[in-house]
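Colleague: Sequence and predicted structure below; questions after.
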Amino acid sequence: MKITLNVWRQRDASSEGSFETHQLDDVSPDMSFLEMLDVLNRRLEAEGKVPVAFESDCREGICGVCSLMISGQAHGPESGTTTCQLHMRSFKDGDTIFVEPWRAKAFPVIRDLVTDRSSLDRVIQCGGYVSVNTGSVPEANSVQVAKENADKAMDAAACIGCGACVAACPNGSAMLFTAAKLAHLSLLPQGKPEHERRIKRMVEGMDAQGFGACTNHGECQEACPKLISIEFIAKMNRDYIKASLLPEHTSSELLKAQ
Amino acid sequence: MLIKFYSSTIGKKVVVALTGIVLLLFVIGHMAGNLKAFGGYDDKGVHKLDSYAIFLRDFASDVLGHSGFLWTMRAVLLVCLLVHVFTVIQLQRINSSGRGSRYAVVNPSSATVASRTMFIGGLVLLAYTVYHILHMTVGVVHFGGFVEGRVYANVYRAFTLSYVTFIYVAAMGFLGLHTYHGVWSLFQTLGLNTPDRHFVFINLARLLAVVLFFGFISVPLAVYFNLLPPPNVAAGVAG
Ligand code: FES
């Protein structure tokens, strides 16, 4: 396959970036998108030029560090796929592809296609964990979880924190990320005692990082490589309204019950 | 507690949704009331639209006083409108700074014309609302011989002019778009939307958008295309 690649090059967060065009003539349709970039980088190195900086780790769709905006689509044209799992067969021979980094105020560019997404970690630091003592592994049937809740919690827990939702949102909002992280904890008994405290702190933390707010375009769920639904945003809104406006009750009751 | 809630983005969105519901209910009522324009004249030669205006003016006047109901409604609507607009402007600031730098290539998957024109379209509707009040309530920009209380005559004379008809029809296009995305959004924002209810809410949004659009444009277009009788100048009720 012949591919014309326009890659974003940027020295660091403070410098101006621009596109650099490369012609790739023998791209195999079986290559992953990242392997195609590897080929390009090998060529650049051989020519004594600086290779394109991009991130990858697991290359099997589970770590969430590969993060490319490919011709205006986060993680490329396939739905439910990370960039590392995207193959060149998803493109046509002769295609021109634009590769950009995630763009959001909360994701400053480190270099070329690499962005700093630690703002997502800071949202987690606001309470995206369970800190109550849940004891050792319980006897199999003693803690019962409704099938529906278990399934939903798993759907939400599929989030790999790649930031595609923020990158795809016209407002750079991290509501899908935050909502997924909240839901996978609050749907399970271990996460319930701290639920109200957690949602208030995480929403506050999310706002403090400079993410935009949701205007219900739905772009995030289209971009999500794990197909996480905006139903979790509705759940977060519902839970946040309850936690903020109703007297706090679940926490203390459940903590007492423990 | 309320201040903390309002200071969060979700809290602001909830405020926009709640004030939006009030404005939506008003708009539905307004549209239904407008259809009285098709009601014709009663035995005394008073147009149904004019007697509807008197009904609104005198509604609950024993409790609220002369025009009390009208002014209460106006006050409530004005407060809701101001809160709606003010909060949206705050959110818009946060949202437009959230993106940072722009993408060279944008390829939206699910954003619609309606969802992307909520802010701009909302500003258009705000400007239209001001114009509409000056036009049909106050009468200072009517230019067709505005007479207070002669609602049907005022409406009729307004829409014989093509530019006025055009402005109204175009504004209702924006209203339809705003309603479509707004109605669906408010269920999502208030946390009422779930996968099994999505179908109901999205279709309710579509239905309301279509009904409001056609309901509102029916009167201007009917007048413009001479489908309604000219006003009865001799009769009618003043102020
Ligand atoms: S490299 Fe780990 S998800 Fe793509």
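Modeller: That came in fine, so what should we check first? Numbers count the residues shown, from 1 in each chain, chains lettered A, B, ... in the order given.
Colleague: Burial check on the closest residue to A:Ile62 other than its chain neighbours, number of neighbours?
Modeller: Distances taken as C-beta to C-beta, 6 or more residues apart in numbering or on different chains place A:Ile160 nearest to A:Ile62, at 6.2 Å, with adjacent residues excluded. In this view, the C-beta of every residue, glycine as well, is placed from N, C-alpha and C. A total of 20 residues lie near A:Ile160 under the criterion other C-beta atoms under 10 Å in any protein chain shown.
Colleague: Next: A:Asp116.
Modeller: With other C-beta under 10 Å as criterion, A:Asp116 counts 12.
Colleague: do the one 4 residues further on as well
Modeller: Counted with other C-beta under 10 Å, residues neighbouring A:Leu120 total 25.
Colleague: and it, what element?
Modeller: Using DSSP states H and E, A:Leu120 sits within helix A:118-125.
Colleague: by contact count, what packs against that helix?
Modeller: Counting contacts by 3 or more C-beta pairs under 8 Å, 6 or more residues apart in numbering or on different chains; DSSP states H and E, helix A:118-125 packs against helix A:175-186, helix A:195-208.
Colleague: rerun that using 6 Å as the cut-off
Modeller: If you count contacts as 3 or more C-beta pairs under 6 Å, 6 or more residues apart in numbering or on different chains; DSSP states H and E, helix A:118-125 packs onto helix A:195-208.
Colleague: Show me which positions of the helix it packs on end up buried.
Modeller: A:195-196, A:198-207 (16 or more other C-beta atoms under 10 Å in any protein chain shown).
Colleague: can you check stretch B:191-204 too?
Modeller: B:191, B:193, B:198, B:201.
Colleague: likewise stretch A:50-64?
Modeller: Neighbour count says stretch A:50-64 has A:52-56, A:59, A:61, A:63-64 buried, by 16+ other C-beta under 10 Å.
Colleague: Next step: those restricted to strands.
Modeller: Counting by DSSP state E, the buried residues of stretch A:50-64 place none of their members in strands.
Colleague: Which ones, among those, also lie beside the ligand?
Modeller: Contacts with the ligand within those, as defined by C-beta under 6 Å from any ligand atom: A:56, A:59, A:61, A:63-64.
Colleague: Using CSV, lay out those residues together with pLDDT.
Modeller: Listed next are these as CSV, based on pLDDT from 0 to 100:
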residue, pLDDT
A:Ser56, 95
A:Arg59, 95
A:Gly61, 94
A:Cys63, 95
A:Gly64, 94
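Colleague: Now do the same for the residue positioned nearest the centre of chain B: its pLDDT.
Modeller: The residue lying closest to the centre of chain B (C-alpha atoms, centre = their mean) is B:Val27, at 4.3 Å. Note on B:Val27: pLDDT of 98.
Colleague: got the residues of the stretch 1-150 of chain A near the ligand?
Modeller: So the stretch 1-150 of chain A meets the ligand at A:56-59, A:61-66, A:82-84 (C-beta under 6 Å from any ligand atom).
Colleague: Redo those as a markdown table? Include distance to B:Asn34.
Modeller: A markdown table is the format used below for these (distance: C-beta to C-beta, whole Å):
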| residue | distance to B:Asn34 |
| --- | --- |
| A:Ser56 | 61 |
| A:Asp57 | 62 |
| A:Cys58 | 61 |
| A:Arg59 | 62 |
| A:Gly61 | 55 |
| A:Ile62 | 58 |
| A:Cys63 | 59 |
| A:Gly64 | 54 |
| A:Val65 | 57 |
| A:Cys66 | 56 |
| A:Thr82 | 53 |
| A:Thr83 | 53 |
| A:Cys84 | 58 |
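Colleague: rewinding a little: distance of the residue nearest to the centre of chain B from B:Thr137?
Modeller: 15 Å (C-beta to C-beta, to the nearest Å).
Colleague: show me the contacts for the residue in chain B sticking out farthest from the centre.
Modeller: Ranked by distance from the centre of chain B (C-alpha atoms, centre = their mean), the top residue is B:Ala104, with 36.5 Å. Contacts for B:Ala104 (C-beta atoms under 6 Å, 6 or more residues apart in numbering or on different chains) come out as A:Phe98.
Colleague: you'd agree it is in a strand?
Modeller: No. Counting by DSSP: H, G, I helix; E, B strand; the rest coil, B:Ala104 falls outside a strand, being coil.
Colleague: returning to what we had before: closest one of the buried residues of helix A:195-208 to the ligand?
Modeller: Distance to the ligand, by C-beta to the nearest ligand atom, is smallest for A:Met206 among the buried residues of helix A:195-208, at 22.6 Å.
Colleague: Show me which residues of chain B sit near chain A.
Modeller: B:5, B:8-10, B:91, B:94-95, B:97-101, B:103-107, B:109-111, B:115, B:185, B:188-189, B:191, B:193, B:195 (C-beta under 6 Å from any C-beta of the partner chain).
Colleague: What subset of the residues you listed is buried?
Modeller: Buried among the residues of chain B next to chain A (16+ other C-beta under 10 Å): B:5, B:8-10, B:91, B:94-95, B:98-100, B:103-104, B:109, B:111, B:115, B:185, B:188-189, B:191, B:193.
Colleague: Find me the pLDDT at B:Ala238, would you?
Modeller: For B:Ala238, the predicted pLDDT is 44.
Colleague: Domain boundaries for chain A, per the record?
Modeller: Listed domain ranges for chain A are A:3-111, A:118-257 (source: automatic domain parsing).
Colleague: what's the most buried one of those?
Modeller: Among those, judged by mean count of other C-beta atoms under 10 Å in any protein chain shown, the one packed with the most neighbours on average is domain A:118-257 (a mean of 19).
Colleague: how much does whichever strand or helix holds B:Phe69 deviate in direction from helix A:195-208?
Modeller: Using DSSP H and E, the secondary-structure element containing B:Phe69 is helix B:68-98. Angle, helix B:68-98 to helix A:195-208, by axes from the mean of the first three to the mean of the last three C-alpha atoms, to 10 degrees: 70 degrees.
Colleague: where's B:Val141 relative to B:His47, distance?
Modeller: For B:Val141, the distance to B:His47 - C-beta to C-beta - is 23 Å.
Colleague: Give me the more crowded residue out of these two.
Modeller: B:His47 (26 against 15).
Colleague: lowest average confidence, helix or strand, in chain B?
Modeller: Every helix and strand of chain B was ranked by mean pLDDT, DSSP states H and E. The lowest is helix B:61-64, at a mean of 88.
Colleague: So what touches that helix?
Modeller: The contact list for helix B:61-64 (C-beta under 6 Å, 6+ apart) reads B:Gly68.
Colleague: so how far is it from its chain's centroid?
Modeller: 26 Å (C-alpha atoms, centre = their mean, to the nearest Å).
Colleague: Please apply the same query to stretch B:204-223.
Modeller: 11 Å.
Colleague: ditto for stretch B:31-51
Modeller: Worked out by C-alpha atoms, centre = their mean, stretch B:31-51 lies 20 Å from the chain centre.
Colleague: mean confidence for it?
Modeller: So the average pLDDT for stretch B:31-51 ends up being 93.
Colleague: How about residues contacting that stretch?
Modeller: B:52, B:151-152, B:212, B:215-216, B:219, B:232, B:235, B:237.
Colleague: Between all of these, which two are separated the most?
Modeller: The distance between the two most remote of the contacts of stretch B:31-51 (C-beta to C-beta) is 31.5 Å, for B:Leu212 and B:Ala235.
Colleague: quick one: B:Val76 and the ligand, what's the gap?
Modeller: B:Val76 is 52 Å from the ligand, where distance means C-beta to the nearest ligand atom, to the nearest Å.
Colleague: Quick one: name the residues of the stretch 51-200 of chain A near chain B.
Modeller: Going by C-beta under 6 Å from any C-beta, the residues of the stretch 51-200 of chain A near chain B are A:71-73, A:98, A:100, A:103-105, A:171-172.
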